[in-house]
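Undergrad: no letters, just coordinates:
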């Protein structure tokens, strides 16, 4: 039988290099070498190794799993082939390479964890043969319901009469925020007392600010930059609706965070997002078309009864993604895998 071991304080930290060093965003690339790693692993006497990347640290974890003869679990978080726009050349080759890396690494694993069913289908389509289990990334439901509903409007001088539409995420090309701004332009023409708040930073921030100005929305769109998580929770609490336009998500954790705070969601139906919103129940899923996206948002904004009902449903549905429930499900998969390998 596997042991349940407390490992607090038993950490082997890795040095890291700045991959994206510009403030306010700092992305670090871990160096897969630590003098403390081997003695730490020997002391803990691991039953299983769980990695979260098919690259440097993930391959280090895979190597130790093979050395120790214990199961290797991998959570597939990212559709790497959807990020080729950051490569300045040979994008078709890079997309195929990203798929091959993902497939080959998954097939080295004893179990692959995915957040949604559609991502399992994606992995099967690219040739993954390993067992796949669906375990969404959990959220702290109670914490997300503890925000200050007055903070957002007070902090950014938003009128109490305005409806706040919220986006939370990295300001990168993959998040499709240009589409969101164009959709909001239509929304604001239909419902004038609306404000779009974009929470996050990233490489596209300046370009998006320029586009906002070109659309004549400078007075109606707020860029907060990167915020402490407590303030992000306050943003959820102070908003009326959550908008999400990314078409590259394996899950879209921020959608469930918004739902936990009681926000109806309007999102583009793509990949994992399609399983995070119950269309017509706690929000709407749309095609990648600004007119439909804006129409669904306006439909909710103009109907307080609908918005309140969707808010109630959003809170209820977010319970399924509580961190406690998701952790328990993952632990059950661990135990079954460990027992099968004994």
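TA: Here it is on my side, so go on. It should be emphasised that the depicted structure is a prediction, and the values quoted were computed from it without experimental measurement.
Undergrad: check what pLDDT residue 40 gets.
TA: You'll see residue 40 listed with a pLDDT of 85.
Undergrad: I'd like the next helix or strand past the helix or strand hosting it.
TA: Element membership for residue 40 (DSSP states H and E) is helix 37-44. Downstream of helix 37-44, the first helix or strand assigned by DSSP H and E is strand 49-51.
Undergrad: and that next one, what's its mean pLDDT?
TA: Averaging pLDDT along strand 49-51 gives 95.
Undergrad: could you pull out the strands in the stretch 1-150 of the chain for me?
TA: Remark: strands assigned in the stretch 1-150 of the chain by DSSP state E, counting those that start in this stretch are 16-20, 27-30, 49-51, 72-75, 111-114, 132-134.
Undergrad: and the contacts of the host helix or strand of residue 223?
TA: Assigned by DSSP H and E, residue 223 falls within strand 221-225. For strand 221-225, the surrounding residues in contact (Cβ atoms under 8 Å, 6 or more residues apart in numbering) are 24, 156, 158, 181, 184, 195-201, 205, 208-209, 212, 235. Backbone N, C-alpha and C define where each C-beta goes, glycine included.
Undergrad: just the buried members of these?
TA: Buried members of those, counted by 16 or more other Cβ atoms under 10 Å: 158, 181, 184, 195-201, 205, 208, 212, 235.
Undergrad: quick revisit: turn the strands of the stretch 1-150 of the chain into a markdown table, including mean neighbour count and distance to residue 220.
TA: Below are the strands of the stretch 1-150 of the chain laid out as a markdown table (neighbours: other Cβ atoms under 10 Å; distance: least, Cβ to Cβ, whole Å):
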| stretch | mean neighbour count | distance to residue 220 |
| --- | --- | --- |
| strand 16-20 | 11 | 29 |
| strand 27-30 | 14 | 30 |
| strand 49-51 | 20 | 43 |
| strand 72-75 | 23 | 38 |
| strand 111-114 | 23 | 38 |
| strand 132-134 | 17 | 39 |
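Undergrad: quick one: closest of the ones you listed to residue 94.
TA: strand 16-20 (16.8 Å; Cβ to Cβ).
Undergrad: the contacts of strand 221-225 in helices, which ones?
TA: Using DSSP state H, the subset of the contacts of strand 221-225 located in helices is 156, 181, 184, 205, 208-209, 212, 235.
Undergrad: tell me which of those residues is nearest to residue 14?
TA: Closest to residue 14, out of all of these and judged by Cβ to Cβ, is residue 205, at 28.8 Å.
Undergrad: sorry, back to before: packing partners for the helix holding residue 40?
TA: The contact analysis (3 or more Cβ pairs under 8 Å, 6 or more residues apart in numbering; DSSP states H and E) places helix 37-44 against helix 56-68.
Undergrad: helices or strands up against the helix it packs on?
TA: Identification of packing neighbours for helix 56-68 by 3+ Cβ pairs under 8 Å, 6+ apart yields strand 27-30, helix 37-44, strand 49-51, strand 72-75, helix 91-106.
Undergrad: list the buried residues for the second one?
TA: Judged by neighbour count using 16+ other Cβ under 10 Å, the buried positions of helix 37-44 are 37, 41.
Undergrad: same check on the longest one?
TA: With burial defined by 16+ other Cβ under 10 Å, the residues of helix 91-106 counted as buried are 94-95, 98-99, 102-103, 105-106.
Undergrad: hang on, the earlier thing: chain center to the helix holding residue 40, what's the gap?
TA: 31 Å (Cα atoms, centre = their mean, to the nearest Å).
Undergrad: tell me the angle of that helix relative to helix 56-68?
TA: If you take axes from the mean of the first three to the mean of the last three Cα atoms, to 10 degrees, helix 37-44 sits at 50 degrees to helix 56-68.
Undergrad: on that earlier part again, dump the helices and strands packed on helix 56-68 to a markdown table, plus distance to residue 273.
TA: As requested, the helices and strands packed on helix 56-68 are exported to a markdown table (distance: least, Cβ to Cβ, whole Å):
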| stretch | distance to residue 273 |
| --- | --- |
| strand 27-30 | 23 |
| helix 37-44 | 36 |
| strand 49-51 | 25 |
| strand 72-75 | 18 |
| helix 91-106 | 19 |
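Undergrad: lowest-confidence stretch among these?
TA: Among the helices and strands packed on helix 56-68, strand 27-30 scores lowest, with a mean of 67.
Undergrad: where does this protein have low pLDDT?
TA: For the chain, residues meeting the criterion pLDDT under 70 lie at 1-12, 19-29, 80-91, 93.
Undergrad: outline the domain layout of it.
TA: Following automatic domain parsing, the chain resolves into domains at 16-138+323-341, 141-320.
Undergrad: please identify the deepest-packed of those domains.
TA: Between those, domain 141-320 has the highest mean count of neighbours, a mean of 19, where neighbours are mean count of other Cβ atoms under 10 Å.
Undergrad: ends of that one, how far apart?
TA: 10 Å (Cα to Cα, to the nearest Å).
Undergrad: of the helices and strands packed on helix 56-68, which approaches residue 136 most closely?
TA: Closest approach to residue 136 among those is made by strand 72-75 (10.7 Å; Cβ to Cβ).
Undergrad: picking up where we left off before, mind putting the buried ones among the contacts of strand 221-225 into JSON lines with distance to residue 321?
TA: What follows is the buried ones among the contacts of strand 221-225, written out as JSON lines (distance: Cβ to Cβ, whole Å):
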{"residue": "158", "distance to residue 321": "29"}
{"residue": "181", "distance to residue 321": "28"}
{"residue": "184", "distance to residue 321": "27"}
{"residue": "195", "distance to residue 321": "28"}
{"residue": "196", "distance to residue 321": "25"}
{"residue": "197", "distance to residue 321": "23"}
{"residue": "198", "distance to residue 321": "24"}
{"residue": "199", "distance to residue 321": "20"}
{"residue": "200", "distance to residue 321": "21"}
{"residue": "201", "distance to residue 321": "25"}
{"residue": "205", "distance to residue 321": "29"}
{"residue": "208", "distance to residue 321": "29"}
{"residue": "212", "distance to residue 321": "32"}
{"residue": "235", "distance to residue 321": "19"}
